[in-house]
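Peer 1: Provided below are the primary sequence and the corresponding predicted coordinates.
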Amino acid sequence: MRYHPRMNATYPIAAVGELIGENARAAMLIALLDEKALPAGELARLAGISAQSASGHLSKLVDGGLLRAESSGRQRLYRIAKPEVAYALEALGTIATASPVRNIVRDPRIEALRTARSCYDHLAGRLAVEMRQKLESSNLIRARSNRQYEVAPRGEAWLAKLGVDVEQVRCSRRSFARECLDWTERTPHLAGALGAAILSRFLTLGWVARRPKTRALRITHRGAREFHARFGILLSP
């Protein structure tokens, strides 16, 4: 039997809110925001709960459509069900932060997340926002009315030099290029299949690198030079 948290046909958002609003479930969702898949035991540890309790919470998240489970050998792994879940969680961060970001970034962990991080499969943080602003101001991408972006012909050529095949990205079944509200910068960064392709390219080029046990990304020395040269973005490696 599928889990329906006091399902309200008039306000179904309340059911989703109930799923997200429990501390342990929120912790597990946030832990999965970088598109990785984790076993129940690791998610239980991250949420600070027992394995039995985690199993119940994970079942609710899967039945509620926020997570999906997959088998890997004898292990059962969990991951975010679809990109829209990650977009919603990232956007919720903009209203969930009790104090202005400028007052909390003294914590090095928050500062690292604010500079550059993964949001599901795309780039987020100050680097992502400044890059999106540069692409727009250079007329390489153009905002459309429904929070989507289109790539100008000269933008396709520019991205091709970066190693991103825009036509191939368009063939993806998911949203091509869209806004995702950045919870630390409180303004959109670029998400969708194009955002994912750009982050994948940055990782391949070695401009950014993943940090262990966090969504924060490390800016490499080469990356700092390239982001300055190509986007005019000044970052410390």
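Peer 2: Looks like it arrived, so ask away.

Peer 1: Show the subsequent helix or strand relative to the lowest-mean-pLDDT helix or strand in the chain.
Peer 2: Ranked by mean pLDDT, DSSP states H and E, the weakest helix or strand in the chain is helix 83-96, scoring a mean of 84. The helix or strand immediately downstream of helix 83-96 is helix 108-115, counting by DSSP states H and E.

Peer 1: so for that next one, what's the average pLDDT?
Peer 2: In this model, helix 108-115 carries a mean pLDDT of 86.

Peer 1: Could you check how far whichever helix or strand comes after that helix is from the centre of its chain?
Peer 2: Going down the chain from helix 108-115, the next helix or strand is strand 117-119, by DSSP H and E. The chain centroid and the centroid of strand 117-119 are separated by 5 Å under C-alpha atoms, centre = their mean, to the nearest Å.

Peer 1: what helices or strands is strand 117-119 leaning on?
Peer 2: helix 83-96, strand 122-124 (3 or more C-beta pairs under 8 Å, 6 or more residues apart in numbering; DSSP states H and E). Quick note: C-beta positions are derived from backbone N, CA and C, even for glycine.

Peer 1: would a markdown table of these with distance to A152 and mean neighbour count be doable?
Peer 2: Shown next, in a markdown table, are those (distance: least, C-beta to C-beta, whole Å; neighbours: other C-beta atoms under 10 Å):
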| stretch | distance to A152 | mean neighbour count |
| --- | --- | --- |
| helix 83-96 | 24 | 18 |
| strand 122-124 | 20 | 29 |
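
Peer 1: Format those as TSV; extra columns: distance to L19.
Peer 2: TSV is the format used below for the helices and strands packed on strand 117-119 (distance: least, C-beta to C-beta, whole Å):
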stretch	distance to L19
helix 83-96	10
strand 122-124	22
